[in-house]
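Student: mind looking at a prediction? Sequence and model below.
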Amino acid sequence: MLLNGSPGWFWFGGALLCAAADWFAVARAWRSGIFIFKPLTMVLLLLSGWTLAQAGAHNARLVRFIMLGLACSLIGDVFLMISHARFFIPGMSAFLLAHGCYIIGLQPTLPPLASLSLLLPLFALGWLLYRQLLPGIAPRKRSAVLVYAIFLSLMLFSAWATLFRPAWPPAGRAAAIIGATLFFLSDVLWAQNEFGHEIPARHVWGLITYHLGQAGLVLAMLWS
């Protein structure tokens with residue numbers, strides 16, 4: 001399927017296929033496959049998003065910040081893939097910047113007053129998760145994890161707050177909410193396995209929700 005002659009949907013499909021290959025590689029502990037397919041998935045998402053955005057009339061500001069968020073996520077992936085222990089803080093910082101880009105892109109102005117009704121329950125959820133994991137977080141990492149949790153919660157809130165912005169088309173709003181929620185779930189799974197109790201097939205489920213969440217945000221950008 002093409003959009004105004006753009007091959008962007010081809011790249012989008014390729015990104016999903018690479019994501020599936022990465023899930024397989026992780027499930028089989030195929031290290032070479034992980035090093036190939038994990039960054040390639042994000043590169044293809046970047047390529048598809050940019051190509052499709054250029055082929056139609058889209059919100060240029062949202063495109064810019066979603067693209068920046070994807071690029072920061074790619075950098076974070078590379079850091080954590082090379083050495084999780086050595087590059088934990090740089091990798092987390094890259095993803096924190098990605099969440100910042102998504103927040104700014106999804107909420108170009110102060111959130112509508114009515115949307116603030118979502119803020120308290122979402123932050124309460126983030127705080128409860130952080131408190132649950134706190135005993136397993138090394139003291140030197142606690143501040144960084146707390147700041148990251150705040151940005152992650154704000155990213156989730158920014159997506160759900162589109163419910164209160166009539167200018168957002170229903171399809172774009174749904175893609176933003178589903179994408180951000182899956183991204184949030186991915187980080188919760190990652191944090192549970194990093195600092196809490198291990199979950200069966202944790203790495204695979206974390207990647208599935210991560211990749212589908214990022215794909216959802218690309219669709220939100222295109223359907224906004």
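Tutor: On my side now, so go ahead. Numbering: from 1, shown residues only.
Student: next structured bit after the helix or strand hosting residue 52?
Tutor: Assigned by DSSP states H and E, residue 52 belongs to helix 31-54. Toward the C-terminal end, the helix or strand that comes next after helix 31-54 (DSSP H and E) is helix 60-82.
Student: that next one packs against which elements?
Tutor: Counting by 3 or more C-beta pairs under 8 Å, 6 or more residues apart in numbering; DSSP states H and E, the packing neighbours recorded for helix 60-82 are helix 31-54, helix 88-106, helix 202-222. C-beta coordinates here come from the backbone N, C-alpha and C atoms, glycine included.
Student: and of these, who's closest to residue 163?
Tutor: helix 88-106 (11.5 Å; C-beta to C-beta).
Student: so which bits of the closest one are buried?
Tutor: By neighbour count on 16 or more other C-beta atoms under 10 Å, the buried set for helix 88-106 is 88, 90-106.
Student: what's around residue 40, how many residues?
Tutor: By other C-beta atoms under 10 Å, the residues close to residue 40 number 18.
Student: from memory it sits against residue 18, does it?
Tutor: Yes. Counting by C-beta atoms under 8 Å, residue 18 is a contact partner of residue 40 at 4.9 Å.
Student: buried residues of the lowest-mean-pLDDT helix or strand in the chain, list them for me.
Tutor: Lowest by mean pLDDT, DSSP states H and E among the helices and strands of the chain is helix 119-133, with a mean of 81. Neighbour counts over helix 119-133 (16+ other C-beta under 10 Å) mark 122, 123, 126, 129, 130, 133 as buried.
Student: and the longest helix seen in the chain, what does it pack against?
Tutor: Assignment by DSSP state H gives helix 170-195 as the longest helix of the chain. Here helix 170-195 touches helix 88-106, helix 119-133, helix 139-160, helix 202-222, going by 3+ C-beta pairs under 8 Å, 6+ apart.
Student: from the contact counts, what lies against the least confident helix or strand of the chain?
Tutor: Using 3+ C-beta pairs under 8 Å, 6+ apart as the test, helix 119-133 ends up in contact with helix 139-160, helix 170-195.
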